[in-house]
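>>> Dropping a prediction and its sequence here:
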Amino acid sequence: MSIRALARDMYRAQQNVSKLEKELETASPDRHEILQNELRQGLAELKTLKRMLDGEKESSSFRKKFQGFGR
């Protein structure tokens, strides 16, 4: 997956987390638990995407170090 696509997905996940946090502040008690679960899932997705993006950026610069070798 490209860095641009990961960044776009990460932005969407951040927007979703922000929206859920705002909804949670004004949620009724019965909706509160549902939103907490959704927020927990959204934060996990955001964390995963962040790790993927950091790994992709790191491996990209790592590959560039060795680009001239072996040719």
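Perfect, I can see it now.
>>> Mind giving me the packing neighbours of the longest helix belonging to the chain?
Determined from DSSP state H, the single longest helix within the chain is helix 29-65. Contacts defined by 3 or more Cβ pairs under 8 Å, 6 or more residues apart in numbering; DSSP states H and E place helix 29-65 against helix 3-25. Heads up, the C-betas are built off the backbone N, CA and C, glycines and all.
>>> average pLDDT across the helix it packs on?
Helix 3-25 shows a mean pLDDT of 95 in the predicted model.
>>> about what we covered before: tell me the mean pLDDT over the longest helix of the chain?
Across helix 29-65, pLDDT averages out at 86.
>>> tell me which residues in that helix are buried?
Within helix 29-65, the residues scored as buried using 16 or more other Cβ atoms under 10 Å are 35, 38-39, 42, 45-46, 49, 53.
>>> Relative to the whole chain's centre, how far out is it?
Centroid displacement of helix 29-65 relative to its chain, using Cα atoms, centre = their mean, to the nearest Å, is 3 Å.
>>> can you check stretch 22-33 too?
Counting by Cα atoms, centre = their mean, stretch 22-33 comes out at 23 Å from the chain centroid.
>>> what does it contact?
35-36, 39 (Cβ atoms under 8 Å, 6 or more residues apart in numbering).
>>> From residue 15, how far out is the spatially closest residue to residue 13 that is not a sequence neighbour?
Leaving aside its chain neighbours, residue 13 sits nearest to residue 46 (4.3 Å; criterion: Cβ to Cβ, 6 or more residues apart in numbering). Counting by Cβ to Cβ, to the nearest Å, the gap between residue 46 and residue 15 amounts to 10 Å.
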